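A.B. asks: pasting the sequence and the predicted coordinates here, then a few questions.
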Amino acid sequence: MKEKPVLTDKDLFPSEEVIFTHIGKAKNLWVSLFEHIHSRHPDFSETWKFYRDGNCWLLKVSQKKKTVFWLSVLKNSFRTTFYFSEKAEEMIIDAAVSEHLKEQYRNAEKSARLRGLTISWKKRNDLEDAKALIEIKSAMK
């Protein structure tokens, strides 16, 4: 069963203080992810928005007009989802990412225009997977 996002109060903006009260020990992973983004990709922008259809706040990380990934906050964790077109298949299969992510891509519905790869942040290796996916996304036109 997929965990539900916890930032469901549209009147409570997701500041770091609010986020860190929810994600617990995953704070170190959060900090590492955003340190990487800010140091390696200063052209990325981060936008929080409350979405009524999912009844929660989501963070969109973008590079100009291209969405790099979506992020949702969970209880004791957070989740990032990257969307790739079929053009990315070879790069994803050849990338230094976990076999689990490669399987997600292979098993995604082929008729879909985009295939989502989701990382539910729990361990240090999740950061390495995210770094590799960020590089693929940045390299795509």
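C.D. replies: On my side now, so go ahead. Numbers count the residues shown, from 1 in each chain.

A.B. asks: pull the contacting residues for the residue most central in space within the chain.
C.D. replies: Of all residues in the chain, the one closest to the mean position by C-alpha atoms, centre = their mean is T80, 2.1 Å from it. Neighbouring residues of T80 by C-beta atoms under 8 Å, 6 or more residues apart in numbering: L33, F69, W70, L71, T118, I119, W121, A130. All C-beta atoms are positioned from the backbone trio N, CA, C, and that covers glycine.

A.B. asks: which ones among those residues lie within strands?
C.D. replies: Among those, the residues falling in strands (DSSP state E) are F69, W70, L71, T118, I119.

A.B. asks: so for whichever strand or helix holds the residue nearest to the centre of the chain, mean pLDDT?
C.D. replies: T80 belongs to strand 77-84 when assigned by DSSP states H and E. For strand 77-84, mean pLDDT is 96.

A.B. asks: and what of stretch 10-23?
C.D. replies: Across stretch 10-23, pLDDT averages out at 97.
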